[in-house]
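# Dropping a prediction and its sequence here:
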Protein chains: 10
Amino acid sequence: MISSRDEVTRTILSAKVRKGIKWADVAKAIGLSKEWTTAGCLGQMTFTKAQAEIIGNLFGLSDEAVAWLQIAPYKGSLPTAVPTDPLIYRWYEVVNVYGSTIKELIHEEFGDGIMSAIDFSLDIQREADPKGDRVNVVLSGKFLPYKSY
Amino acid sequence: MISSRDEVTRTILSAKVRKGIKWADVAKAIGLSKEWTTAGCLGQMTFTKAQAEIIGNLFGLSDEAVAWLQIAPYKGSLPTAVPTDPLIYRWYEVVNVYGSTIKELIHEEFGDGIMSAIDFSLDIQREADPKGDRVNVVLSGKFLPYKSY
Amino acid sequence: MISSRDEVTRTILSAKVRKGIKWADVAKAIGLSKEWTTAGCLGQMTFTKAQAEIIGNLFGLSDEAVAWLQIAPYKGSLPTAVPTDPLIYRWYEVVNVYGSTIKELIHEEFGDGIMSAIDFSLDIQREADPKGDRVNVVLSGKFLPYKSY
Amino acid sequence: MISSRDEVTRTILSAKVRKGIKWADVAKAIGLSKEWTTAGCLGQMTFTKAQAEIIGNLFGLSDEAVAWLQIAPYKGSLPTAVPTDPLIYRWYEVVNVYGSTIKELIHEEFGDGIMSAIDFSLDIQREADPKGDRVNVVLSGKFLPYKSY
Amino acid sequence: MISSRDEVTRTILSAKVRKGIKWADVAKAIGLSKEWTTAGCLGQMTFTKAQAEIIGNLFGLSDEAVAWLQIAPYKGSLPTAVPTDPLIYRWYEVVNVYGSTIKELIHEEFGDGIMSAIDFSLDIQREADPKGDRVNVVLSGKFLPYKSY
Amino acid sequence: MISSRDEVTRTILSAKVRKGIKWADVAKAIGLSKEWTTAGCLGQMTFTKAQAEIIGNLFGLSDEAVAWLQIAPYKGSLPTAVPTDPLIYRWYEVVNVYGSTIKELIHEEFGDGIMSAIDFSLDIQREADPKGDRVNVVLSGKFLPYKSY
Amino acid sequence: MISSRDEVTRTILSAKVRKGIKWADVAKAIGLSKEWTTAGCLGQMTFTKAQAEIIGNLFGLSDEAVAWLQIAPYKGSLPTAVPTDPLIYRWYEVVNVYGSTIKELIHEEFGDGIMSAIDFSLDIQREADPKGDRVNVVLSGKFLPYKSY
Amino acid sequence: MISSRDEVTRTILSAKVRKGIKWADVAKAIGLSKEWTTAGCLGQMTFTKAQAEIIGNLFGLSDEAVAWLQIAPYKGSLPTAVPTDPLIYRWYEVVNVYGSTIKELIHEEFGDGIMSAIDFSLDIQREADPKGDRVNVVLSGKFLPYKSY
Amino acid sequence: MISSRDEVTRTILSAKVRKGIKWADVAKAIGLSKEWTTAGCLGQMTFTKAQAEIIGNLFGLSDEAVAWLQIAPYKGSLPTAVPTDPLIYRWYEVVNVYGSTIKELIHEEFGDGIMSAIDFSLDIQREADPKGDRVNVVLSGKFLPYKSY
Amino acid sequence: MISSRDEVTRTILSAKVRKGIKWADVAKAIGLSKEWTTAGCLGQMTFTKAQAEIIGNLFGLSDEAVAWLQIAPYKGSLPTAVPTDPLIYRWYEVVNVYGSTIKELIHEEFGDGIMSAIDFSLDIQREADPKGDRVNVVLSGKFLPYKSY
């Protein structure tokens, strides 16, 4: 009996280590980006029936787990409000140090509104650099203006 | 008497509204990116003497304020641990929803370590789109591996 | 010297009490809904130049305050994460008690995604009722689906 | 042995996924709105004996679980004070951005008091819209005035 | 210029000490209970015009302060979520130690619902007792049932 | 093996639902008030050997559980600092809204000190009322003065 | 205009440094222990008229400040929930490390109840010790038993 | 398999209730104070091999549990930052109300530094008193001065 | 089935106590410092295949556990934001008391930037001292400057 | 009128920027380490009369401010529990990532006890390194064992 998506995520993580599967391989198998696929496997996105079945085969999931993958999950992937993991903390630090800068520059360019985190995509790439390789990340989100009514 | 960088930030914000200055103009005046310049004016970066004097002229700052601009500030630009402003919250949401994904994919590509938030740059651009313009943001940070010793 | 939108909000609240102005009158003066107008006067929305000048006249604001009204503010109108005011707490309670219900029913009808709080409107009406009048509130927000990429 | 209503909620969620039941069908079976029925199944409301037995049949619950459904639960359906799920967060954001507006407008219309979250109903509907369908939600609560004594 | 009810509360407290006024005398002057009157003077209730003027005379308030007394305040009288004052903490402790007891017994007697804190009164009395005087407090609140719909 | 009083509380709650026992009946069986008896069964009070055995018989507890009932427990019956259950929250709200009032009036009557939450009793009664029944609660606590030394 | 006891405390602290007064001297002047006297001067206790006047003379307080000293204050002397000052933190650490020990041993000796923090005294002494002097502190509080009713 | 000292503490507490052992008896068996012994059994101190074996015999612990008793534990015995148990809270209240007093008086006597909570002892005694028995507690800690370097 | 690195850490801790292994021995077996090795065994670092297999042999781990040791973990080794363990708290206290000092002096010497906690090493040594042995700790981290762009 | 050490710290910081003084120069002037001197100027240590006067001359402080420098301050130099400044956060991260490692290794070497943060010194040095300079920090604290009694 499975009573939350978290249990499916834990089963996937366990199988991934045991079987030595890579996220990039999962993404290729369902024909989507590695970013969205990983987010889905970590319990943040909803898969279609076809996608869920491919993933079920890869990780050896039960039919019940495959059914859970097709249901919109309670999102949020971090155990604490301020993340303790150094890699993820650096992102939180970017929000803290650059948050007001991002706000000022988007408003200067677009006016009042937000950059969507739903109509949104994420792309992570390695850039070779003789002084030490870099991680390049592109975030792209639709601008949604506040309207008066 | 000025006793913290925050007071200088508030003076700059007040002058910016009164004089109708744009961040992009400040950036052009000191010859750097609008992202880094705005972060500096909002109290997150340290200016050189030459930069600080140009900024002081633009905003009409006192000599004491110009001196404060050249000193490394206590960073952090948000009033609460979980931001309440919708634009900034969407970024926090990205960290929350995609945080574990970003972590998994960087580790899959680079091994254990972090993406630096110090040797780091930020670039914000408008992308025209018939279904609604998009905000595109590029984050680029050096990969720093954990080493054993 | 004004260095934050909060100061303008406090000036408006003070003038409103002194002059006995009603929010509905402000809304009429700028030709918009009372909900959006009040949110704007309380520092949550950005006014156009024309609207800001009308509001400046009504409340007797300085030119600097009128300039601040035209700039996207740092949003968030409550002093604590869990509100202490009984009226506002009832709304937080609705999110707490009905939150998972709202989530389940919107996902059952629309699939995975959110109800926008930006492309959004709010309407508050009195409904006469012999057993005690009721407050009826309509929230209308565009559905934004998560898309795979 | 069941020692809290939460365990019954988890059993219902698990059976719902396994059996592919829809909340709207449960509501039809007990003859009430889908909003109240879902809140009840998620552990926020108390069912009558007749309702609890119908629900027990639908989800295949034990007699003990059916007994728990008839007892007033410890309410609250969210795991954190500030919700991390993007759909539910948008509602929290509405309370944060519009909270003081709602307060001002209800007081302007009704005087000092609250909008009840107990003598209260919730209605969620899809509104077709060529620019993207909308979620419309009506909240209706009795106004309860503070009285002096 | 007064921009919040808190400022009026602080002025009242200051005048009360300077002039040696008792809450019981204020209550008598406006013809209401000492409990409701004190709550009002401490910024938790809304006075009528007549009551506000009497209070203004007693404490020597400005016309602007008298106007603020007639407006529904942002309620909540304690500076921290967990009170540090020993007298008030004992009440918080009662909620902590007896909270689930109160819940069980009210539900056993009345069914699912709440005891109103709005249609509510409070009465505080001294009971002489040779083993040490007692504080007797009566709380009386209307029962509001949850209804299905 | 039982290693905390919480486990005994959960066993009692489970048996109470299965057997349909009322708190008032437990109170009658041990000859004390329903308020104190319920608090004890919920893990907040210590029973004598005789009381614990009667309760053990009523709920079918093991000898080990009966032994735990006779030991002073770690008190505190609520899962979060700010309660999420609407009935219990109304009490927390009373502390928040009326806290400073209670403090002022007890000090005006008794001087500096506290109302004990230990040498304390609680009484909950239904008062029939044509406009809706009321919950009446009497709290009685010994006054304990601060003394100088 | 003084509107809280905190302002009186700050005035006392400022005068104490300027005039080089010792707490022990204040205690001698009003004929009480240095522990209780210091707590009173720091805003935690209520003075009689005679005591307040002596203290007013010593520190050069206004009549209004002397009046505030005679009123029961909102107690709590620390700026954060977890104290940052190392000396005070050691006491918090004692509560953390020894808290359950203190509880077990007092219950073993006295039964269920508490050690009063109101009918309570505190005595701090230096004990000379060749290996380093020791701070000896005696806390003495009346035992208050929970009673059944 | 035991993976934390907490599990050993829970086993000891369970055995203590089942077997009716008193902390004072455990202390006598290992020839140390009841305060330190109880702290050790509750997982706050490290036992020697000989002490651990005596305790293992008294409570019927496994060899693995006896090994855990000899390892320095992660200390901290309370489940929440602000304790909910009334007995322990009174100690937290003492820190809150008297904290700045303790600090001022220790500094007045000793200069800058702290009272050690490591080179520290605790002694709890009953003092008979016709007006109600008292709990007397002596805390003795070495003074550790800050030194300049 | 193992679904998180935490489970591996708990297995290692349990085996360490049962088998009486020392961290220094583990470090010697894999030929690295005791500091880095202990951090790795406690779930904060990633081992190579060869290191993980040596560790697996020492502690008797399953193949699945050995696989988990080779994957970058979610870091953060403390159960609470403010540590309750006295030894670890002293380090947190150093950050609190000396934090701004460290910041000022590093900026005075190096300019704006940080001391890396990734390109970082830690060395803990005992220094014999007749007045009581000392713990000497050396932290060495690369300086990473903020650069303008 | 100065009523807290914080005000003196703010005055020192302001004068330091205006006059371009370096911490190393202050340290030289009073003949102590730059680490301890900076901590003292930032309000964390107590100066002797002679030291305070030298510092008063350097920064142009009033006699009252010089008196405050000679009194043990309420320590704690950071505005939030989790520091937002990246430099200081890296230290907090070290406590988080290496905290349990530090604990295990000190206990393995010294037994149960702590490393003092009072009888403690701090030394910060630049180490030139062709791959980027390093910050080297030495922390040295006396080991204080827990003793049984």
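It's in.
# got the contact list for the spatially most central residue of chain A?
By C-alpha atoms, centre = their mean, chain A has its centre lying nearest to residue A:39, at 3.4 Å. For residue A:39, the contact set (C-beta atoms under 8 Å, 6 or more residues apart in numbering or on different chains) comprises A:45, B:97-98, B:101. Any C-beta I mention is one placed from the backbone N, CA and C, and that applies to glycine too.
# element containing it, please.
Element membership for residue A:39, per DSSP states H and E: helix A:34-41.
# Strands of chain A, residue ranges please.
Under the criterion DSSP state E, strands of chain A are mapped to A:113-127, A:134-145.
# I'd like the distance between the closest residue to residue A:75 other than its chain neighbours and chain G.
Closest residue to residue A:75 apart from its sequence neighbours, by C-beta to C-beta, 6 or more residues apart in numbering or on different chains: residue D:85 at 4.7 Å. Separation of residue D:85 from chain G (C-beta to the nearest C-beta, to the nearest Å): 28 Å.
# Give me the nearest residue to whichever residue of chain A sits closest to chain I, chain neighbours excluded.
Closest residue of chain A to chain I, C-beta to the nearest C-beta: residue A:84 (2.8 Å). Excluding the flanking residues, the one nearest residue A:84 by C-beta to C-beta, 6+ apart is residue I:76, at 2.8 Å.
# Could you confirm whether any residue of the longest helix along chain A contacts chain C?
The longest helix of chain A (DSSP state H) is helix A:86-110. Yes: shown here: helix A:86-110 in contact with chain C (C-beta under 8 Å from any C-beta of the partner chain) through A:100, A:103, A:107.
# Rebuild those residues as JSON lines, extending it with neighbour count and pLDDT.
Below are the residues of helix A:86-110 next to chain C laid out as JSON lines (neighbours: other C-beta atoms under 10 Å in any protein chain shown; pLDDT from 0 to 100):
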{"residue": "A:100", "neighbour count": "25", "pLDDT": "89"}
{"residue": "A:103", "neighbour count": "26", "pLDDT": "92"}
{"residue": "A:107", "neighbour count": "17", "pLDDT": "92"}
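# of these, closest to chain C?
Once C-beta to the nearest C-beta is applied, the member of the residues of helix A:86-110 next to chain C that ends up nearest chain C is residue A:107, at 4.1 Å.
# Was I right to think the closest one contacts residue C:72?
Yes: the pair residue A:107 / residue C:72 is scored as a contact, 4.1 Å apart, by C-beta atoms under 8 Å.
# Which single residue of chain A ends up nearest chain F?
Distances between chain A and chain F by C-beta to the nearest C-beta are smallest at residue A:81, namely 14.6 Å.
# ok and the residue in chain A nearest chain D?
residue A:76 (2.8 Å).
# Might one say that that residue is in contact with residue D:88?
No: under the contact definition of C-beta under 8 Å, residue A:76 does not touch residue D:88, with a separation of 9.7 Å.
# Kindly report the residues of chain A close to chain J.
A:82, A:84, A:86, A:89, A:93, A:96-97.
# biggest separation within the residues you listed, which pair?
Among those, the pair separated by the greatest distance (C-beta to C-beta) is A:84 and A:97, at 18.1 Å.
# who has more neighbours, these two?
Remark: of residue A:84 and residue A:97, residue A:97 carries more neighbours, 26 against 20, as counted by other C-beta atoms under 10 Å in any protein chain shown.
# my read: residue A:5 touches residue A:71, true?
Yes: using C-beta under 8 Å, residue A:5 makes contact with residue A:71 at a distance of 7.3 Å.
# List the contacts of the residue nearest to residue A:10 when sequence neighbours are not counted.
Distances taken as C-beta to C-beta, 6+ apart place residue I:3 nearest to residue A:10, at 3.7 Å, with adjacent residues excluded. Residues near residue I:3 by C-beta under 8 Å, 6+ apart: A:10-11, A:13-14.
# is chain I contacted by stretch A:52-66?
No: shown here: stretch A:52-66 not in contact with chain I (C-beta under 8 Å from any C-beta), separated by at least 11.0 Å.
# Show me what that stretch is in contact with.
Residues from elsewhere that reach stretch A:52-66 (C-beta under 8 Å, 6+ apart): A:1-2, A:7-8, A:11-12, A:15-16, A:19, A:21, A:25-26, A:29-30, A:41, A:47, A:67, A:69-70, D:14, D:17-18.
# try it again with 6 Å
A:2, A:8, A:12, A:15, A:29-30, A:69-70, D:18 (C-beta atoms under 6 Å, 6 or more residues apart in numbering or on different chains).
# Take the residues you listed and write them to a markdown table, including neighbour count, distance to residue J:34 and pLDDT.
Output for the contacts of stretch A:52-66, formatted as a markdown table (neighbours: other C-beta atoms under 10 Å in any protein chain shown; distance: C-beta to C-beta, whole Å; pLDDT from 0 to 100):
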| residue | neighbour count | distance to residue J:34 | pLDDT |
| --- | --- | --- | --- |
| A:2 | 19 | 60 | 90 |
| A:8 | 26 | 56 | 96 |
| A:12 | 25 | 53 | 95 |
| A:15 | 17 | 55 | 94 |
| A:29 | 15 | 59 | 97 |
| A:30 | 20 | 59 | 96 |
| A:69 | 25 | 59 | 96 |
| A:70 | 16 | 62 | 94 |
| D:18 | 16 | 67 | 91 |
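# Show me which of these is closest to residue B:139.
residue A:30 (26.3 Å).
# Need the per-residue pLDDT for residue A:80.
With respect to pLDDT, residue A:80 scores 88.
# gap between it and chain B?
Applying C-beta to the nearest C-beta to residue A:80 and chain B gives a distance of 10 Å.
# Stretch A:67-76: how far from the chain's middle?
Stretch A:67-76 sits 13 Å away from the centroid of its parent chain (C-alpha atoms, centre = their mean, to the nearest Å).
# Can I get that stretch as PDB, trimmed to CA atoms?
Output of stretch A:67-76 as PDB, limited to C-alpha atoms (Å, rounded to 0.1, in the frame of the first residue of the first chain):
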ATOM      1  CA  ALA A  67      -0.400   5.000 -11.000                       C
ATOM      2  CA  TRP A  68       1.000   7.500  -8.500                       C
ATOM      3  CA  LEU A  69       3.400   8.900 -11.100                       C
ATOM      4  CA  GLN A  70       0.300  10.100 -13.100                       C
ATOM      5  CA  ILE A  71      -1.200  12.200 -10.300                       C
ATOM      6  CA  ALA A  72      -0.300  15.800  -9.500                       C
ATOM      7  CA  PRO A  73       2.000  15.600  -6.400                       C
ATOM      8  CA  TYR A  74       2.400  17.900  -3.400                       C
ATOM      9  CA  LYS A  75       5.400  19.700  -4.600                       C
ATOM     10  CA  GLY A  76       8.500  20.900  -2.600                       C
END
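# Quick one: neighbours of residue A:60, just the number.
Neighbours of residue A:60 using other C-beta under 10 Å come to 12.
# for residue A:47, that is, sorry about that
Counted with other C-beta under 10 Å, residue A:47 comes out at 23.
# Over to residue A:127?
Count around residue A:127 with other C-beta under 10 Å applied: 11.
# Isn't it up against residue A:135?
No: with contacts counted by C-beta atoms under 6 Å, residue A:127 stays clear of residue A:135, the gap being 7.7 Å.
# Up against chain I, what does chain A have?
Residues of chain A lying close to chain I by C-beta under 6 Å from any C-beta of the partner chain are A:10, A:13-14, A:17-18, A:84-86.
# so who does the closest residue to residue A:121 other than its chain neighbours touch?
Leaving aside its sequence neighbours, residue A:121 sits nearest to residue C:149 (C-beta to C-beta, 6+ apart; 4.7 Å). For residue C:149, the contacting residues are A:33, A:36, A:121, by C-beta under 6 Å, 6+ apart.
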